[in-house]
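Asks: sequence-free structure coming up:
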C-alpha cells in the first residue's frame, strides 16, 4: 500500500510539473490513457480529487496543491540520494539549449571543469540562432537571456547581467571626449545586438544605457548584429563602440584588447535556466552552474 501511494504521489508531482496529461505521459513513457487511469486510482485511494479540469487543461485542487507542496522536494531528495548511492555507470546525455553568444563566451571556457568533475555525463550543447525557443521542448535544460521579470514563470535566474560600453584603444583615443557626454557621441559608431530577446527594439540596450546616464543622442544609428559577441568582436576590431554584456567578457580588458571608460550598469536582465527534464542529472548540472556563478562572484569581491 505504501509503495503504491509513493508511486501515486510521484505520478501526481509529474503531472503537476507539466500541468498537462499529454506532456506528463511523454515524460513517463506512458499513454495518456494509462496516466489518466493511474491518476483516477490514486485519487480513489487518497479519497479526494487532486486535479480539476478547465478550458486549457488541468490544475491542482486546493488539497492537491498542499500534497504537491509537501512532497515534491522529498521525492527529489530520495531520487538524488539513490543516484548518489548507486552511481549509475551508464553515460547520461543532457540536451542543453542556449544562445551562441552565451555558449561561446561563457559556457565553453568552463565546460571542461564539468567534464573533469563528472566524466560520465555528456552535455549535448545546442546553440540556436539569436534567440532560444523555449516553447519547443527539444531540450532537457535551456539557458536563455531575457528581461526582468522573465516570461517563463518557472525559469530560474542564475546570472544577472550588466552593460558596459567597450571599444579598441585606438578608437577611444580618437573619441576620448565621449566620457563627458554631449556632441562627441554623434561622431561615433554604435554597435548593437539587435535581438537581445523576442520583441525588443533593435537599439533597446543602447537606449536603456543612454537613459540611465541621462545622455541625449540618437541610438538608431550604427551597425547591427544578431549576436552580442559579434558586436563585441567588431568593437575589438576598431569598428565602433559595443555595449558589451559583462558576463560575456573574458580577459579582453585585462589584455587591453578592449577599453571600458565607463562603469557597468545593471541591464535589468539576465540568464535564466528553464528545465524540461527534471532528474538527478539535470539537477546536478544546474547545481554546477550555480556553483560557477558563486565562485566568480567570490573572486570578483576578493
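Replies: Noted; the coordinates are in hand. Source: prediction; values computed, not measured.

Asks: any stretches of the chain with poor pLDDT?
Replies: Applying pLDDT under 70 to the chain flags the ranges 1-7, 55-56, 71-91, 300-302.

Asks: helices of that one, start to end?
Replies: 2-18, 21-28, 32-46, 62-86, 100-102, 108-117, 169-174, 204-213, 228-236, 280-301 (DSSP state H).

Asks: tell me which of these lies nearest to residue 158.
Replies: helix 280-301 (5.7 Å; C-beta to C-beta). Any C-beta I mention is one placed from the backbone N, CA and C, and that applies to glycine too.

Asks: what comes up buried for the closest one?
Replies: Using 16 or more other C-beta atoms under 10 Å as the test for burial, helix 280-301 gives 280, 281, 282, 283, 284, 285, 286, 288, 289, 292.

Asks: in contact with the second one, which residues?
Replies: By that I understand residue 281. Residue 281 makes contacts with 83, 92, 94, 121, 140, as judged by C-beta atoms under 8 Å, 6 or more residues apart in numbering.

Asks: same check, this time on the third one
Replies: With contacts defined as C-beta under 8 Å, 6+ apart, residue 282 is in contact with 94, 140, 141, 275.

Asks: returning to what we had before: from the contacts of residue 281, which ones fall inside strands?
Replies: Of the contacts of residue 281, the ones assigned to strands by DSSP state E are 92, 94, 121.

Asks: name the nearest of those residues relative to residue 29.
Replies: For those, the nearest to residue 29 is residue 92 (16.3 Å; C-beta to C-beta).

Asks: that closest one is in contact with residue 120, isn't it?
Replies: Yes - counting by C-beta atoms under 8 Å, residue 92 touches residue 120, with 6.7 Å between them.

Asks: could you check which of the two has the larger neighbour count?
Replies: Using other C-beta atoms under 10 Å, the more surrounded residue of residue 92 and residue 120 is residue 92, with 18 against 12.

Asks: report the beta-bridge partners for that one.
Replies: residue 121 (DSSP bridges).

Asks: list the contacts for the closest residue to residue 48 other than its chain neighbours?
Replies: Nearest residue to residue 48 in three dimensions, chain neighbours excluded: residue 63, at 4.9 Å (C-beta to C-beta, 6 or more residues apart in numbering). Shown in contact with residue 63 (C-beta under 8 Å, 6+ apart): 48, 49, 50.

Asks: look up how far residue 207 lies from residue 63.
Replies: Separation of residue 63 from residue 207 (C-beta to C-beta, to the nearest Å): 49 Å.

Asks: same check on residue 295?
Replies: 34 Å.

Asks: coming back round to it: make JSON lines out of the ones in strands among the contacts of residue 281 and add distance to residue 211.
Replies: Below are these laid out as JSON lines (distance: C-beta to C-beta, whole Å):
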{"residue": "92", "distance to residue 211": "46"}
{"residue": "94", "distance to residue 211": "39"}
{"residue": "121", "distance to residue 211": "43"}
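
Asks: residue 16: which of those is nearest?
Replies: In terms of C-beta to C-beta, no member of these lies closer to residue 16 than residue 94, at 22.9 Å.

Asks: so the closest one sits against residue 123, correct?
Replies: Yes - contact criterion C-beta under 8 Å: residue 94 and residue 123 qualify, at 5.4 Å.

Asks: okay, and the common contacts of these two?
Replies: residue 285.

Asks: burial count for the residue found closest to residue 234 once you drop the neighbours it is linked to in the chain?
Replies: Once flanking residues are discounted, residue 234 sits nearest to residue 191: 5.1 Å by C-beta to C-beta, 6+ apart. If you count neighbours by other C-beta under 10 Å, residue 191 ends up with 27.

Asks: let me know whether residue 191 touches residue 235 as I believe.
Replies: Yes - the criterion here is C-beta under 8 Å, and residue 191 meets it with residue 235 at 5.6 Å.

Asks: which neighbours do the two share?
Replies: Joint contacts of residue 191 and residue 235 (C-beta under 8 Å, 6+ apart) are 241, 242.

Asks: distance of the nearest residue to residue 125 once chain neighbours are set aside from residue 70?
Replies: In this structure, residue 125 finds its nearest non-sequential neighbour in residue 96, 5.3 Å apart by C-beta to C-beta, 6+ apart. Distance of residue 96 to residue 70, computed by C-beta to C-beta: 31 Å.
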